[in-house]
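1. how would this look folded up:
(chains A and B)
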Amino acid sequence: VLLAVLAAIGLVAAGCGDSDDDGATATTIAPGTSAAPETTAGGAETTAAPETTAGGTGTTAAAGGETGVFEFRPLDVGGALTKEALSAGDIDVALLFTSDADIAVNDWVLLEDDQGLQQIENVTPAIRTEVVTPEIEAVLNAVSAPLTTAELTELNRQVTQDLLEPADVAGTWLEAQGLVPWSGDPVEGSLTVGSTNFFEQEIVAEMYSQALESAGASIDRQFQLGAREIVAPALESGDIDLTPEYLGSYTLFVDGTATVPPDPQAAAEQLRELLADRGVTVLEPAPAEDRNGLVVTRETADQFGLVTTTDLASVPEVLVLGGPPECPERDFCMIGLTEVYGLTFRQ
Amino acid sequence: VNFLSDTVGWLTTADNWWGTFGILNRLIEHIRYSVAAVVVATVIALPLGLWLGHLRRFGTLAINVANLGRALPSFAILALSLTIFGLDELPFAGPVTAFVALVALAIPPILINAYTGMAEVPDGVRDAARGMGHTGFEQVRSVELPNALPLVLAGIRTSAVQVIATATLAALVGAGGLGRFIIDGMAIQDDAQLAGGAVLVAALAIVTELGFAGLQRFAVSPGVRARAPKGAPVAPYPS
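-> Residues are numbered from 1 along each chain as shown, chains lettered A, B, ... in the order given. Coordinates of the predicted model:
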């Protein structure tokens, strides 16, 4: 009996001893240690990596004068986690969407994709062939023509930062462009407009909807439906008639083996052929794009003189790339960065 | 059937076990995160639970406060602490965010069981101990604690199993552990990897459960065990 008691007390005591240490470490390390090299190193990817400490940005000198060496940190799909990690210095480079307003808001630097890794992603109306008329086409092409990436990014900012409603943002923009009230040929009948589940889609879907309404159509809005996996089939089945799409991603969704031409017109033409037997077509692509892009903080860009993605290959320190968990398997991320830009990813 | 054999195939491929991204390293990370959380939770909750149980006071208050850890989803704690700690990592315990969420999850079972175990030692047994001239501390050490031990250990055991199942959260904030396979498997639609990760987490939880069961058999006095040997005294006396 005594033995058991002793064992129990011993157990408790041992527990106390052990974790008093842990507790102390926790309180000293926890708050505000932004990205000391050990903290990155203690993480998922780098337990085996030899680390030499260098202050500041969470970077470490690459061994043997190597340049362009990266570690990958799996985070989220251009979302809050990746952006939080970039601003906190936990990662040095983030894979984000190029029309993300947070890039400008935080004064981050979008690295130019100078070797053309990322496919083009022009915003393009996808519409059922059955419902499209020359009048509808005229309205939607008129909306797409003045929509640039800068405009789209600013509209995104108004929604995510100024917390304005996508419908108001779209309406104000249409009026500023002189598209509403519509002065062209009137549109008759009714259309169902759909969108996937992020703000940019809802803004553009609102533009289509309000411009068509101004031209006389009656619109049923089915926004925030979910991912492309939901919206694209809904378009083919006629549950919706019209939705904003992105040239490159939509092409690869329809045909995973396709190559997306760098010219929007050619890409749209190829996509029309791919879509022909599905009862869907795409209209004129807008100049506005929402691609995948690599983003760094202003400090990192200044420190290493980064302007283009190619510049990353000559960085003499190990940088941490944060992006979606699927990055290692994707052409637009780790595979392309290795093959096209010659970056090395530490295992 | 294909799915099952794919999963078994993934688990039995040697290449999947080695290296930084391998199962072995992820398993060690997972155990590290879990052990840290359970040990820290034990240090916080066990003395408090034992002491309050001995006093037989403030039980409702302590239990309710501890239960907040249960009521708040670990995912919510993770998300909340993310705004404070970002992706900072502790040397052993993994990301601070996951650590906070796991400790909050681990405390309630330990605290509640320690309190209940101590508070429910029969009055007669406590009186007898006092009658034999035990001081308060002697009474705790040699009478109340041995009696409470099965419940106390059960609390730590429950907490450990829950923590192991939940430590997969660390992967959500970019860290390691077995959750990595689940998150990454989902992202690249690799169902074998996803299911393999889940199987490994479940296996680790079961092994932990069995380990604690063994510890309980070893540590708990025969007089307190339900299956007491014939003729053994009902309550333990110091011998």
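
2. count of neighbours near residue 166?
-> Answering for chain A, as no chain was given. 23 (other Cβ atoms under 10 Å in any protein chain shown). All C-beta atoms are positioned from the backbone trio N, CA, C, and that covers glycine.

3. that's the other chain; I wanted chain B
-> Counted with other Cβ under 10 Å, residue B:166 comes out at 23.

4. separation between it and residue A:164?
-> 38 Å (Cβ to Cβ, to the nearest Å).

5. what does residue A:171 give?
-> For residue A:171 relative to residue A:164 (Cβ to Cβ), the value is 10 Å.

6. just residue A:338 next, same as before
-> Counting by Cβ to Cβ, the gap from residue A:338 to residue A:164 is 41 Å.

7. would residue A:67 count as being in a strand?
-> No - using DSSP: H, G, I helix; E, B strand; the rest coil, the assignment for residue A:67 is coil, not a strand.

8. Contacts only, for it.
-> For residue A:67, the contact set (Cβ atoms under 8 Å, 6 or more residues apart in numbering or on different chains) comprises A:313-316.

9. Counting neighbours, which of these comes out on top?
-> Busiest of the contacts of residue A:67 [other Cβ under 10 Å] is residue A:315, holding 23 neighbours.

10. For the stretch 51-200 of chain A, just list every one of the strands.
-> A:60-61, A:69-74, A:93-97, A:109-110, A:123-128, A:190-194 (DSSP state E, counting those that start in this stretch).

11. which secondary structure elements does the last one contact?
-> Other helices and strands packing on strand A:190-194, by 3 or more Cβ pairs under 8 Å, 6 or more residues apart in numbering or on different chains; DSSP states H and E, are helix A:199-214, strand A:218-222, helix A:228-237, strand A:242-246.

12. quick one: buried residues of stretch A:298-317?
-> Neighbour counts using 16 or more other Cβ atoms under 10 Å in any protein chain shown place A:300-301, A:303-304, A:306, A:309-313, A:315, A:317 of stretch A:298-317 among the buried residues.

13. nearest to residue B:66, of those residues?
-> Taking Cβ to Cβ as the measure, residue B:66 lies nearest residue A:300 of the buried residues of stretch A:298-317, at 43.7 Å.

14. Next, the closest one: secondary structure please.
-> Secondary structure assignment for residue A:300 (three-state DSSP): helix.

15. tally of neighbours for residue A:168?
-> The number of residues packed around residue A:168, counting by other Cβ under 10 Å, is 13.

16. Check residue A:223 too.
-> Applying other Cβ under 10 Å, we find 19 residues neighbouring residue A:223.

17. Would you check how far apart the residue nearest to residue A:272 when sequence neighbours are not counted and residue A:120 are?
-> Distances taken as Cβ to Cβ, 6 or more residues apart in numbering or on different chains place residue A:281 nearest to residue A:272, at 5.4 Å, with adjacent residues excluded. Distance, residue A:281 to residue A:120, by Cβ to Cβ: 18 Å.

18. With residue B:3 instead?
-> For residue B:3, the distance to residue A:120 - Cβ to Cβ - is 37 Å.

19. Give the residue from the two that has the larger number of neighbours.
-> More neighbours surround residue A:120 than the other of residue B:3 and residue A:120, with 20 against 10 (other Cβ under 10 Å).

20. Show the pLDDT at that one.
-> With respect to pLDDT, residue A:120 has a value of 93.

21. thought it was touching residue A:266?
-> No - using Cβ atoms under 8 Å, residue A:120 is not in contact with residue A:266, being 9.6 Å away.

22. Give the residue spans of chain A that score low on pLDDT.
-> Counting by pLDDT under 70, chain A contains low-confidence residues at A:1-64.

23. 80 instead, please
-> A:1-65, A:79, A:197, A:226-227, A:229, A:347 (pLDDT under 80).

24. Which parts of it are helices?
-> In chain A, the segments counted as helices under DSSP state H are A:2-29, A:37-41, A:80-88, A:101-105, A:134-144, A:149-160, A:166-176, A:199-214, A:228-237, A:247-254, A:264-275, A:298-304, A:336-339.

25. Ok, which of those helices comes nearest residue B:144?
-> helix A:2-29 (10.3 Å).

26. Close to chain B: what parts of the stretch 201-347 of chain A are there?
-> Proximity of the stretch 201-347 of chain A to chain B, by Cβ under 8 Å from any Cβ of the partner chain, involves residues A:322, A:324-326, A:329, A:347.

27. What of the stretch 51-200 of chain A?
-> A:73-75, A:81, A:84-85, A:88, A:90-91.

28. next SSE after the helix or strand of chain B with the lowest mean pLDDT?
-> In chain B, no helix or strand scores lower on mean pLDDT, DSSP states H and E than helix B:59-71, which sits at a mean of 83. Downstream of helix B:59-71, the first helix or strand assigned by DSSP states H and E is helix B:74-85.

29. Which strands or helices does that following helix pack on?
-> For helix B:74-85, the packing partners by 3+ Cβ pairs under 8 Å, 6+ apart are helix A:80-88, helix B:96-119.

30. and the longest helix seen in chain B, what other elements does it pack with?
-> Criterion DSSP H: the longest helix present in chain B is helix B:23-55. Applying 3+ Cβ pairs under 8 Å, 6+ apart, we find helix B:23-55 packed against helix A:2-29, helix B:59-71, strand B:94-95, helix B:96-119, helix B:145-166, helix B:179-187, helix B:191-219.

31. Low-confidence bits of chain B, can you list those?
-> Along chain B, segments meeting pLDDT under 80 span B:1, B:69-70, B:187-189, B:221-239.

32. At the geometric centre of it, which residue do we find?
-> residue B:160 (1.8 Å; Cα atoms, centre = their mean).

33. contacting residues around that residue?
-> Residue B:160 neighbours (Cβ under 8 Å, 6+ apart): B:34, B:38, B:106, B:208, B:212.

34. same question, residue A:279
-> By Cβ under 8 Å, 6+ apart, the neighbours of residue A:279 are A:128-130, A:236, A:238.

35. For residue B:16, see how far away it is.
-> Where residue B:16 is concerned, residue A:279 sits at a distance of 44 Å (Cβ to Cβ).

36. Residue B:53 against residue B:117, yeah?
-> Yes - applying Cβ under 8 Å, one finds residue B:53 in contact with residue B:117, separated by 6.4 Å.

37. Which residues are in contact with each of the two?
-> Counting by Cβ under 8 Å, 6+ apart, the shared contacts of residue B:53 and residue B:117 are residue B:148.

38. More neighbours: the two, which one.
-> residue B:53 (29 against 23).

39. and the more buried one, what does it touch?
-> Contact analysis of residue B:53 by Cβ under 8 Å, 6+ apart lists B:59, B:114-119, B:144, B:148.

40. How about residue 112: what's its closest non-neighbour residue?
-> I went with chain A, as the question did not name one. residue A:308 (4.3 Å).

41. Oops, wrong one, chain B.
-> residue B:63 (5.3 Å).

42. neighbours of the one you found, just the number please.
-> With other Cβ under 10 Å as criterion, residue B:63 counts 16.

43. Ok, residue B:165 next?
-> 18.

44. show me the contacts for residue A:98.
-> The contact partners of residue A:98, by Cβ under 8 Å, 6+ apart, come to A:110, A:149, A:153, A:289-293.

45. Closest one of the residues you listed to chain B?
-> residue A:292 (14.7 Å; Cβ to the nearest Cβ).

46. right, and that closest one touches residue A:97 too?
-> Yes - Residue A:292 is within contact range of residue A:97, at 6.8 Å (criterion: Cβ under 8 Å).

47. where do the contact lists of those two overlap?
-> residue A:78.

48. circling back to that earlier point, can I get the helices and strands packed on helix B:23-55 in a markdown table with distance to residue A:205?
-> Formatted as a markdown table, the helices and strands packed on helix B:23-55 follow (distance: least, Cβ to Cβ, whole Å):
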| stretch | distance to residue A:205 |
| --- | --- |
| helix A:2-29 | 46 |
| helix B:59-71 | 39 |
| strand B:94-95 | 37 |
| helix B:96-119 | 35 |
| helix B:145-166 | 38 |
| helix B:179-187 | 27 |
| helix B:191-219 | 33 |
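
49. Sweet, I'm off.
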